[in-house]
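> here you go, sequence then predicted model.
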Amino acid sequence: MPNALLQVSHLRVEFPTRHGVLTAVDDVSFDIAPGEVLGVVGESGAGKSLTGNAVIGLLEPPGRIAGGEIHLEGQRIDRLPLQEMRHVRGRRIGSVFQDPLTSLNPLYTIGQQLTETIQVHLGLSANDARRRAVELLQEVGIAAPEQRFDQYPHEFSGGMRQRVVIALALCANPRLIVADEPTTALDVSIQAQIIAVLKRLTREHDTAVMLITHDMGVIAEIADRVAVMYAGRIIEIGPTREMINSPRHPYTMGLMGSIPSIKEDVVRLVQIDGAMPRLDAIPAGCAFNPRCPSAFDRCRSERPPLIHVGAMGVACWLYDSSIDTKPNLPSFEPVRARDVQPTEPSLMNIEQPLLELRDVVCHYDVSSPWLNRRIDHRPRQMVKAVDGVSFALRRGETMALVGESGCGKSTVARLIVGLSRLNGGTIAFDGANFATLKSRADWAPLRRRMQMIFQDPYASLNPRWRAADIIAEPIRLYGLAKDEALQRRVDELLVHAGLSPRDGEKYPHEFSGGQRQRVSVARALAGEPDFLICDEPTSALAISTQAQILNLMKDLQERHKLTYLFISHNLAIVRYLADRVAVMYLGRIVEMAPTATLFSRPQHPYTRMLLDAVPDVEMVGRARMPVAGEIPNPLAPPSGCAFHPRCPLANGRCKTEVPMLKTVPSGSDAACHAVEEGR
Amino acid sequence: MNGTYLSRITSFFYRACNSELAYRFRHSSTAIVAALVCLVCIVGTLLAPWLAPHHPFDLKTLDLLDSLLPPFWLQDGKSSYPLGTDNQGRDIFSAILYGARISLFVGVGSVFFSLVLGVILGLLAGYAGGKTDAFIMRVADVQLAFPAILIALLIDGIARLLIPKDAQEQIALYVLILAIGFSGWVQYARTVRGSTMVEKRKEYVQAAHIIGRHPAAIMFQHVLPNVIGPVFIIATLHIGTAVITEATLSYLGIGVPPTRPSLGMLIRNGNDFLFSGEWWIVVFPGLMLVTMVLSINVLGNWLREGLNPRAGL
Amino acid sequence: MIAFFFRRFLQAIVVMLAVGFIAFSLFQYVGDPVMIMLGQDATVMDRARLTRELELDRSFIVQFIHFVNNALHGEFGISYRLGRPVAALIAERLPATLELAGMAALLSLLIGLPVGVYAALRPHWWFTRFIMAASLIGVAIPTFLVGIFLIMIFAVQLAWLPSFGRGETVVLGWWTTGLLTASGLKALILPTITLGLFQTTLIMRLVRSEMLEVLRTDYIKFAHARGLPERNIYFGHALKNTLVPVITIAGLQLGSIIAFSVITETVFQWPGMGLLFIQAVNTADIPVMAAYLCLIALVFIVINLVVDLLYYVIDPRLRIERDTAS
């Protein structure tokens, strides 16, 4: 590309280790035009962050640039001496990193950090620098910037901090910003805000952006062009809209198909088997060939260059017109509901519900110690994590609890499995009221029948136990089998979860994230439960792995006749898996409806905003209305309806009266005065 | 847990030898040298009865005519007393071997005591939380108001006053072990408590709860293996401190009894002869002490830095 | 904020009382003061009289209250060994110890801090490696051995510096100082080095490791990414963040210097409180032991309080009204 702002040619980043030299970024080339937003997308470990670090010259040793060139505005920057590179950083290239919590120095006010950067790069006087800093804060959307100038980072919320980070990146008006996962650590509604800020500012200042992320939805919303990375190589690059609507490379096709849709019903997600190869085990030829259904000989021996197909570049031999006999392109299409005959209605017994919650309340006491309270005259402070939740779960059903962080969904899960104590209300499982269960012996029969799968695959398994022992633990405890029978059962469970019996000998660190979740699933099923609570089981996984696990869960539910309570903040996944959805906000259920109804006719304003806020792959470049405001402090919840400060429909009644869940003609239950009054 | 123990042990050793740590050990000259020195010291002192040319504390074998002889390479030295003798005719070399033995015995013993006490208290405090935790930590805080050496001094001093003289000699070593051990449990407890509190929140512990296991089983089978790692590093470095503490107490006269002298006691005896020029009575025990502690410290330090995950792959 | 200090203050009082209790128990259960003071041949009547005088016939609680009361007035009884009031003995010896400890603390800070910082900033410099190796050795040598070796070299072989005592001292009010005379200063050198060596290496290693931790953080990486000059990053951002934990630990370490002075004073026959204490332990002089204990506890508690104060002032995160109690 002529007149490119940033030109990366044949970049190679290597890591010397005791096993030899690992190539983490292998012959990567791309350009960014002035004012353009280039998305770099890929799973974790694909090398995208390393590429970003290489561009700003902050590769952590022992990693080093082993080949290729990087040019900024025509000038070569990858071999610059340290001093000159400092001038480039901040002044001509700005950076935004992932975690706003740790990006800011906790001991300096944000004002100090801003003015320092401004003075270093623009040489302004202290007063001028302060004025500019306040302007910047205003630009990124921080209210009352004059006052907040002298505050410390810990006095800001996560979203606010990220805005400060963006302000810092824009201090000296750089031509290019490298943003490494800028929204990953934030809540969905806040993500939308930050993306909007980035979009607006980069358009206004005509700044180019290299946006590194694993979230295709974010790419869809803000990127002009996108490069897909896999195992350290770029396998496809081109305009965003085209890439999303008609991806060329089999990996990209599989990726697009494995993203659950928020707009339509999908019966089965596309699943690419296997996982991205580790750096020390990259196959010869095309790195994707072991997982590609259409791989042929050339793919296994020679690495494909970027072949031009229209406006896209695709690194795949299937597009090489000079080869005559090639297999067909794989068809990575998800099985859509409209294409499939509806199956018989699932096991929705109308008899006694399996799980019933009534007016469940759970408080956490976070007051300061007694002495402090006396002296500072402060009252007791309680966080009402769950404030009156009621629902019933039928056998065989999959119910989803959705909400952002702090809404109480995880607490509900903990209450159901008995990890937290009820402060009010009742929970009954298959008729057994929790209030009647006192001792461990009372709980024992229940424990067997309900199990839980957790979010963090790394913390869910004891690092010092082998997989077989982890899975065998419940079997041993419940006395279900011994010795050989035990071994056979463990092997069976491993296979059902998609692993092999040999994997039982391995320790957790030898597994990938997706495989660990499979072990978790095997453990959960070991005791033959009826009921499974899944607490965000796929949020920590790569998108293609996510699809594998979700499909697995669907299969297992059918095979073992399980009932699921699925907790998530990802509405698309919820649409894929759940029969019914309950939306929670600050400890209450604000809407509950069958899935189809919720997504087609959302009633509660919060539900509508949540649906709007989800970055959607299909809405390329669409301007969204991000949710206004921040999630309120749980220690000081708003009066009346907790959502009223952020609600466009709020009136006087909303400020004073707490709305109750009422059934609406369309079939949903909503807790909203506006809905009730027909506004 | 059942399973073929033999296969597990062999696989453990296999993995250990091929591990990152073993690799770095083989390639680190400091670690190898330190380990060798350590090994020599330990083996030497363990085999003291066979290696020492004399029995320095058997009064019948001492010959006053051989007193205050310099090391053999100086004038008046004798090769049968390679490092010279003290004012009672005791061979310094043998005295060092036996003395180091006592020093190590007390050092390792007190660390073991500290470790067990500290780990159990730390586990309890971290896992049970609430009042148990508050109580244990308060005690730890009060104890931290004193430096370890003072605590050891105190306990030892008090024991002296409480125990009748004739019993004192026999159990003096154990009193010393207890004194130094009590003064050092807090560091283990704090570390283990911290790690326990972190592990307690992890999902695998919650999963064990949900399965229905007994809290004690969870504490010892799930949590303990994951928190015990740093303890060994602390222990290795603590051995050096414990040996030095014992030497200091003995030097001050409140440590081992004169009939079972450790290196510290030998230095105390030799101190009086510094000014009259018989430097070897002090210097050689001193060198032995420093060498031992240094090699242990270097090894412990290397371990700590080696096990620390660093940036990169 | 007031609540914060009030709590710490209360905790301090509790600890002092606990220490006082232990000290008092020493009095009660260890040894027989009457026997020690009067000897074997005292008559029954003499013993009875002394017992009444020392109030040894009253109940435990009463005696404890008296003990605390007396302690607050600086009254710790009479030394069994020397027959003089303990308070006077301590007051006599205090300046010697404090001067020595103060100089050693100063030395350790002046050398330890900068060397630690540079060791972190220039890890591959030859000087750094040398210092790190030397510090490992420094930690491995017990304090008394350092003293002995120093004496051997500088006092015996070279005869440059004295090997015992304080030299000439000047009396200023109730304080006696050795800093104003040549011989006093000379006498101070070897003991200061002995006492301070361990602390210096400790502080050096501590500062280095804390600084290395800080240099690995995200906000430092971000500071680099913003193009800030090295000076700002290392001596502004990194140093400030390093000092916060260093202050706590260094503060506690400085307190332990006073405890280690026991050893140094023994080696150099330095007429301070430490020597007094050792002699007391060797001769079962309970009043002195008890008084020393209480004093040391007081010193530590005061240092702890000051460190907490400093922490509060420096780290803005603590000012958000949430007191994390241990």
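Received the coordinates, thanks.
> so, low pLDDT: which residues of the stretch 101-250 of chain B?
B:145, B:164-168 (pLDDT under 70).
> chain C contacts on that one?
Selection of the stretch 101-250 of chain B residues close to chain C by CB under 8 Å from any CB of the partner chain yields B:134, B:137, B:141-142, B:144-147, B:149-150, B:153-154, B:157-158, B:161-162, B:240, B:244, B:247-248. Glycine gets a C-beta too; all of them are placed from N, C-alpha and C.
> which among those residues end up buried?
B:137, B:141-142, B:144-147, B:149-150, B:153-154, B:157-158, B:240, B:244, B:247-248 (16 or more other CB atoms under 10 Å in any protein chain shown).
> among these, name the ones in helices.
Members of these lying in helices (criterion: DSSP state H): B:137, B:141-142, B:144, B:149-150, B:153-154, B:157-158, B:240, B:244, B:247-248.
> which of those residues sits closest to chain A?
B:M137 (14.2 Å; CB to the nearest CB).
> the closest one contacts B:G126, doesn't it?
No. Under the criterion of CB atoms under 8 Å, B:M137 is not in contact with B:G126, lying 10.1 Å apart.
> give me the common contacts of these two.
Contact criterion CB atoms under 8 Å, 6 or more residues apart in numbering or on different chains; residues shared by B:M137 and B:G126: B:R193.
> just name the shakiest helix or strand of the chain by mean pLDDT.
Unless you meant another one, I'm taking chain A. One helix or strand of chain A scores below all others by mean pLDDT, DSSP states H and E: helix A:370-376, with a mean of 66.
> meant chain C actually
Min over SSEs of chain C, mean pLDDT, DSSP H and E: helix C:33-38 (a mean of 63).
> avg pLDDT for the helix or strand just after it?
Next along the chain after helix C:33-38, taking DSSP states H and E as the criterion, comes helix C:44-53. Helix C:44-53 shows a mean pLDDT of 75.
> just stretch A:201-220 next, same as before
Averaging pLDDT along stretch A:201-220 gives 88.
> then stretch A:467-476?
92.
> same check on stretch C:296-305?
82.
> how about B:L289, nearest residue that isn't a chain neighbour?
Nearest residue to B:L289 in three dimensions, chain neighbours excluded: B:L263, at 4.6 Å (CB to CB, 6 or more residues apart in numbering or on different chains).
> contact partners for the one you found?
B:96, B:99-100, B:102-103, B:247, B:250, B:285-286, B:288-289.
> in the residues you listed, find the pair that's most separated.
Farthest pair in the contacts of B:L263 (CB to CB) is B:I102 and B:G286. Separation: 15.6 Å.
> which one is residue 66 nearest to, not counting chain neighbours?
If you meant another chain, say so; for now it's chain A. Here the residue nearest A:A66, using CB to CB, 6+ apart, is A:E14, at 4.1 Å.
> that answer is for a different chain, and I need it for chain B
B:G89 (4.4 Å).
> again with A:E333
If the residues on either side of it in the chain are set aside, A:E333 comes closest to A:G257, at 5.9 Å by CB to CB, 6+ apart.
> centre of the chain to the host helix or strand of the one you found, how far?
Using DSSP H and E, A:G257 maps to helix A:250-258. Counting by CA atoms, centre = their mean, to the nearest Å, helix A:250-258 is centred 18 Å from the centre of its parent chain.
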